[in-house]
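[1] Model the following, please.
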Amino acid sequence: MTAPVLYLSHGAPPLADDARWTQQLADWSSSFTKPTSILMISAHWEDVPVTVSPTQRQVPLTYDFYGFPQHYYEVEYAPPLAPALADEVTGLLGGRGLEVRRDETRGLDHGAYVPLVEMYPDADVPVLQMSMPTLDPTTLFEIGRTLAPLRDQGTLVVGSGFTTHNLRWFNPRAGADAPPPAASAEFDHWAQEAVETQDVDALVNMLDVAPAAHEAHPRTEHWAPLYLALGAAHASGATDVESTVDGFWYGLSKRSFTFS
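    Numbers count the residues shown, from 1 in each chain. Model prediction:
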């Protein structure tokens, strides 16, 4: 089984309270064969060298957010560990001279577990999270290309970020379904077109060529996981691209993609 590659907009923990988004994620995961394992690359883990999550024992989730109601810190999600996948990642990246470290203390962060709770609520698919060692687009794209063989063994490679991520646009008083700022809508439209046509040059040079790029991503960590997904898809001939989730949440684009 060859698994697809995903780029998803994971949102803040309260996005899990949005019935529309949670249903979209449930429908999305049911649209393809359940993977044998999941390699999750979240915007919320930058670490050098490339580092992977625990493979020896279960550890608590990483609640990497502050000031939220208590129930968001009580969410639990404990999928099986993925030591074999960690070995595969280590071998593939080691083959191109990249060191891979294992952190046996860091649990899945909210960029990983928030969407997975909706996509695989039974927590029955082994999950490995991997850090981003840089935000450089070309480097991340090449790392994604190196990881492409994982698809052939049924591993779902997931880049988890947010298609627009400017928290100054977040206005709870306006409501979740308020019209997005023009800059968010413009960038979202550009992103859909660039990803669906797999315009790698434009995507890699996003900050220079995309409309409102610096407003949509004051810092690019929530866009960067796309490059790993794009590289894994591009190297393994995943030429079909579908925008599987769209719309806005408090002005931020939830757009997500499947590469197959």
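[2] In stretch 188-200, which residues are buried?
    Using 16 or more other CB atoms under 10 Å as the test for burial, stretch 188-200 gives D188, W190, A191, Q192, A194, V195, V200. In short, each C-beta sits where N, CA and C put it, glycine included.
[3] confidence score at the nearest residue to Y250 once chain neighbours are set aside?
    Excluding the flanking residues, the one nearest Y250 by CB to CB, 6 or more residues apart in numbering is F170, at 4.9 Å. pLDDT, F170: 81.
[4] Quickly note the distance from F32 to V117.
    Distance of F32 to V117, computed by CB to CB, to the nearest Å: 18 Å.
[5] Neighbour count: these two, which is higher?
    Using other CB atoms under 10 Å, the more surrounded residue of F32 and V117 is V117, with 17 against 14.
[6] What strand or helix carries the more buried one?
    Using DSSP states H and E, the element containing V117 is helix 110-119.
[7] Over to D124?
    Applying DSSP H and E, one finds D124 in no helix or strand.
[8] Count the neighbours of it for me.
    D124: 9 neighbours (other CB under 10 Å).
[9] my guess is T163 contacts G251, does it?
    No. Look at T163 against G251 with CB atoms under 8 Å: they stay out of range, at 11.8 Å.
[10] The two: which is more packed in?
    T163 (28 against 21).
[11] What separation do you get for the more buried one and G97?
    On the measure of CB to CB, T163 and G97 end up 32 Å apart.
[12] again, but for L116
    Counting by CB to CB, the gap from L116 to G97 is 31 Å.
[13] And those two? Which one has more around it.
    L116 (24 against 6).
[14] which ones are touching that one?
    By CB atoms under 8 Å, 6 or more residues apart in numbering, the contact set of L116 is I38, M40, Y77, P79, L108, A123, V127.
[15] so what's the backbone phi/psi at the last one?
    Here the main-chain torsion angles of V127 (degrees, to the nearest 10) amount to phi -130, psi 140.
[16] and it, how far is that from L81?
    To L81, V127 is 8 Å away according to CB to CB.
[17] Looking at these two, which is more packed in?
    Per other CB under 10 Å, whichever of V127 and L81 has more neighbours is V127, with 25 against 19.
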